[in-house]
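Novice: how would this look folded up:
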Amino acid sequence: MKNIVIVGGSSGIGLALVQNLKNDRIVNISRTPCPVSGVVNIQADVTNLKSLRAAFGKLDAIDVLVYCAGMSLAAPIEFITEDDLKSIFDVNIIGAIECIKLAMPNLRKSEIGRIILLSSSGGIAPIPFDGFYSATKSGLIALASSVRLESDILSTAVIIGGTKTQFTFKRKIYTDCGIYDTKLKAASDALIKIEQTGYEADFTARKITKIINSSDPPVTVAIGAKNKLMCALYKVLPEKIKLYALKKLYNID
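Specialist: Predicted structure coming up:
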C-alpha cells in the first residue's frame, strides 16, 4: 500500500485520479474536501505557506506526491493585473515548489519516492492570451527535471492536452481590453472548444495512475496520441510555422 498525497484532489483531474487509485492510502490537500469515501482530507491553501506547513506536518509517510492544483486566466499581457499575475504563479508553480520542499523529507524515506506534476501542452505550445498559464506549466516541466538532477526522487511532469472538466468554466476572462477584445474572445472560445471536446478526465487519470505505478517513470510524458503528436511536432517545426499554426488553431490569424 502506497501513501499518496494529492494536492488538489477535490475536483477535475485530481478527483478523477483519486477515483482511479485502488488499495492505496490517499490524502487530499485542498481548500475543499474530496468527496470520495476513505480519503483523508486536510484543508489547506497552496498560496498560504503557513497552512501548507500545517498540512504536511500532519503526515508521517509520503511515497508519492501529486500536484494537481492549478488555475488559468485569459488576459492580454499588457492588461494583466498585479494580483492576477501573482495568483497564477503562486498557485501553479510556487505552490508546487513549496509542496515539494515540504514533502521531500518523507519522500527520501520512501523506497519508491516520486513526484508527479501536472503540466500541460500549453507548457510546450503557448496559449495566446494565457501566456502566464503557459509559462507556469513550462516551469513545471523544468522543475521535474531539476528534481531528478538534484535528488533520487523520481519526478515526472505529465503533459496534459485539452481535457473535459469544469476547469474550463472557472477561467477568468478579461473584457474591455480595447484592441485585444476580438482576438481575446476568439482565442478564449477556441480554448473552451479544445478542452470541452478533449480527453475525458477519467482517461487522463488512468494514464497518470499507470505512471504512479510504473517502476521507471519518465521525466516528462505527454498523455494521449493527439497530444503526443502535437508535442513532438512543436519541438521540430520552424518557429514561423509554429506561430502560424497556433494563430490558426486559436482563430487569431
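Novice: Let me see the ranges of the helices in this structure.
Specialist: 12-20, 49-57, 82-89, 95-109, 131-150, 181-196, 201-213, 225-236, 239-249 (DSSP state H).
Novice: winner for burial among the ones you listed?
Specialist: Among the helices of the chain, helix 12-20 has the highest mean neighbour count (mean count of other C-beta atoms under 10 Å), at a mean of 23. Placement of C-beta: from N, CA and C, glycine included.
Novice: Show me how far that helix is from its chain's centre.
Specialist: 13 Å (C-alpha atoms, centre = their mean, to the nearest Å).
Novice: show me the contacts for the closest residue in space to Asn227 that isn't next to it in sequence.
Specialist: Once flanking residues are discounted, Asn227 sits nearest to Gly161: 3.3 Å by C-beta to C-beta, 6 or more residues apart in numbering. Residues counted as contacts of Gly161 (C-beta atoms under 8 Å, 6 or more residues apart in numbering) are 120-121, 198-199, 222-224, 226-227, 230.
Novice: Among these, name the buried ones.
Specialist: 120-121, 198-199, 222-224, 227, 230 (16 or more other C-beta atoms under 10 Å).
Novice: Would you mind measuring from Ser51 to Gly178?
Specialist: Using C-beta to C-beta, to the nearest Å, one gets 39 Å for the distance from Ser51 to Gly178.
Novice: go on, Ser30?
Specialist: 37 Å.
Novice: who has more neighbours, those two?
Specialist: Ranked by neighbour count (other C-beta atoms under 10 Å), Ser30 and Gly178 place Ser30 first, with 23 against 8.
Novice: so what's the more buried one scoring on pLDDT?
Specialist: pLDDT, Ser30: 98.
Novice: Same question for Lys235.
Specialist: So Lys235 comes in at 90 (pLDDT).
Novice: heads up, I number from 34, so please use that
Specialist: With 34 as the first residue, the last one maps to Lys268.
Novice: Which residue comes closest to it once chain neighbours are left out?
Specialist: Per C-beta to C-beta, 6+ apart, closest to Lys268 is Ile157, 7.5 Å.
Novice: pretty sure that neighbour contacts Ala265?
Specialist: No. Between Ile157 and Ala265 there is no contact under C-beta atoms under 8 Å: 9.6 Å.
Novice: Now flag whichever of the buried ones among the contacts of Gly194 is closest to Leu135.
Specialist: Ser153 (23.5 Å; C-beta to C-beta).
Novice: contacting residues around that closest one?
Specialist: Ser153 neighbours (C-beta under 8 Å, 6+ apart): 166-167, 170, 192-194.
Novice: Please apply the same query to Leu106.
Specialist: Leu106 neighbours (C-beta under 8 Å, 6+ apart): 113, 117, 121, 163, 165-166, 204-207.
Novice: Need phi/psi at Pro68.
Specialist: The phi/psi pair for Pro68 (degrees, to the nearest 10) reads phi -80, psi 0.
Novice: Mind pulling up the pLDDT for the residue nearest the centre of the chain?
Specialist: Centroid-nearest residue in the chain: Leu151, 3.2 Å away (criterion: C-alpha atoms, centre = their mean). Per-residue pLDDT puts Leu151 at 98.
Novice: from what I can see it touches Gly42, true?
Specialist: No. Taking C-beta under 8 Å as the definition, Leu151 is not a contact partner of Gly42, at 11.2 Å.
Novice: Could you pull out the residues contacting both of the two?
Specialist: 99, 101.
Novice: want to try CSV for the helices of the chain, with distance to Ala107 as columns?
Specialist: Formatted as CSV, the helices of the chain follow (distance: least, C-beta to C-beta, whole Å):
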stretch, distance to Ala107
helix 45-53, 18
helix 82-90, 28
helix 115-122, 11
helix 128-142, 21
helix 164-183, 9
helix 214-229, 5
helix 234-246, 21
helix 258-269, 20
helix 272-282, 15
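Novice: Which one of those lies nearest to Met34?
Specialist: Taking these one by one with C-beta to C-beta, helix 234-246 is closest: 12.4 Å.
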